[in-house]
Structure formats: C-alpha cells, structure tokens
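Visitor: 3D model of this:
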Amino acid sequence: MLVVAVLFPCWEVLDVQGPFSVLAKVAAVSESSEQYAFAWVGEQTKEPIPSSAHFPVLADYDWDSCPQADVLLIPGGPGSLTAAFDRKLLDFVRRQSKTARRVASICTGSSILAEAGLLDGRRATSNKAVFGLQTQSVTWIRDARYVTDGKFTTASGVSAGLDIGFDLAKELFSAVQADKVAGLVGYVPLSDGDDPFATLHKPTGMMGALSTSNIVESVL
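Guide: Presented below is the predicted three-dimensional model:
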C-alpha cells in the first residue's frame, strides 16, 4: 500500500504531515500483513521543495517516475493557488486518480482537484476563507468539515487533514485501530458533519475579487 503526498512550492506542512502521521501510526499498530510505504512526489527530486513554513522536503519521485499510489494526498497552502494551474502537476493528478483507491485534498488542495476536472459534478469542500476562489462546476458544501464523494475526499482548512487521516485509517485498517491511535496521540477527530470553524469565515465575496497572484504574494 503506497501513500503519496504531492509537493509544490509553498505547500502547507500540517495538511499532509497530519494524515501521514496518523496513517503511519495506525499501520504500526495494525495486525495486517500488508506493507505500507509513504512517499513524496514533486516537480523535481534534486532540491528540497519549500513549504509555507520554510520546512523544505526532498521529493522521492518526480511526476514521471512516481509509481501508482493507492492513496494520493494533495495539500493546500498559498502555493496551491498557483499549482492549480500547473499543467504537468494536473496531468499527474489525473493519471494517478484513475487507479488510486483514495484521493484526498486538504484545505485549498481542493482547487487542484477542481482545476483537474476531477470534482466536476461532485460534492466537495475546502478552506472556508477562500470559497470565492473556487470553480463553480463543483457543488461546494461550505459548512462541511470534510466531504467524500466516490473515491475523492476533500477537507476543510489545515487541521482537517488530521480528521480525514483518521477517516482513511478506519477504511484502510479498522475503527478500533484508528480509535486506539487517536487515544495515543490525544486527539478527538471531528466527523464529516458541520465544521465548527466555518462560522469564522462569513461569505462576503471579497476573496473572489482578489487575484491568485495577489493572495500568494501577500502570504510570501
């Protein structure tokens, strides 16, 4: 079972480190005989790819050399707003999504899935602060903590990656093992119902009036 996370400049660390850590810990306590591996993929493997927290990670594979993932994780972060228009990245996500068992985005990583056309006609959610930037070909569930439609799971902002990590762990392993790890790490996962943080971000339409480049530059 190969779990792969996508990297691009200015990705959000917690978006993928959260579910990576959860799945790795559940795999460690699982009685399954299946072997689990975790890897990073990016545009290149020669130089570490910087995150939004100035925490660079060296990718294991590039877009062409990455083996087929069973679980594909796509983070958000300021860089996702540019990565969503990277043709090679979008092609990679489309190819991987055809065969992957599960594809999950966290925060604004949903914009990458949306721009790839993989969420067309589906229900999805994203970071509540940027709903004005999202494509209208998707049925966006504004108040949801996370949404699963078919093989695609889209999560709310940042810490929601932990929640879908536990949700994936229940599917890939068992609820008993996922709950055991939640107790060990001292975390109470939120369900796919209403996001308690959604009320902090009222839909004003202001974000939709801002350009992608301005948002990225303001964060950087």
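Visitor: Skipping adjacent residues, who's closest to Tyr187 in space?
Guide: Closest residue to Tyr187 apart from its sequence neighbours, by Cβ to Cβ, 6 or more residues apart in numbering: Leu162 at 6.3 Å. For every residue, glycine as well, the C-beta is placed using N, CA and C.
Visitor: where does the protein have its least confident helix or strand?
Guide: Lowest mean confidence among the helices and strands of the chain (mean pLDDT, DSSP states H and E): helix 206-209, at a mean of 36.
Visitor: hey, where'd the helices end up in the chain?
Guide: Counting by DSSP state H, residue ranges of the helices within the chain are 13-29, 80-83, 87-99, 110-115, 160-172, 175-185, 206-209, 212-219.
Visitor: C-alpha coordinates for the fourth one, CSV please?
Guide: Put plainly, it is helix 110-115. What follows is helix 110-115, C-alpha atoms only, in CSV (Å, rounded to 0.1, in the frame of the first residue of the first chain):
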residue,chain,number,x,y,z
SER,A,110,-9.2,21.0,-3.5
SER,A,111,-8.5,23.7,-6.1
ILE,A,112,-6.0,21.4,-7.7
LEU,A,113,-8.6,18.6,-8.0
ALA,A,114,-11.2,21.1,-9.2
GLU,A,115,-8.9,22.5,-11.9
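Visitor: could you give the mean pLDDT of that helix?
Guide: Across helix 110-115, pLDDT averages out at 94.
Visitor: now do the fifth one
Guide: Regarding helix 160-172, the rounded mean pLDDT is 95.
Visitor: residues of it that come out buried?
Guide: Buried residues in helix 160-172, counting neighbours by 16 or more other Cβ atoms under 10 Å, are found at Ala160, Gly161, Leu162, Asp163, Ile164, Gly165, Phe166, Asp167, Leu168, Ala169, Leu172.
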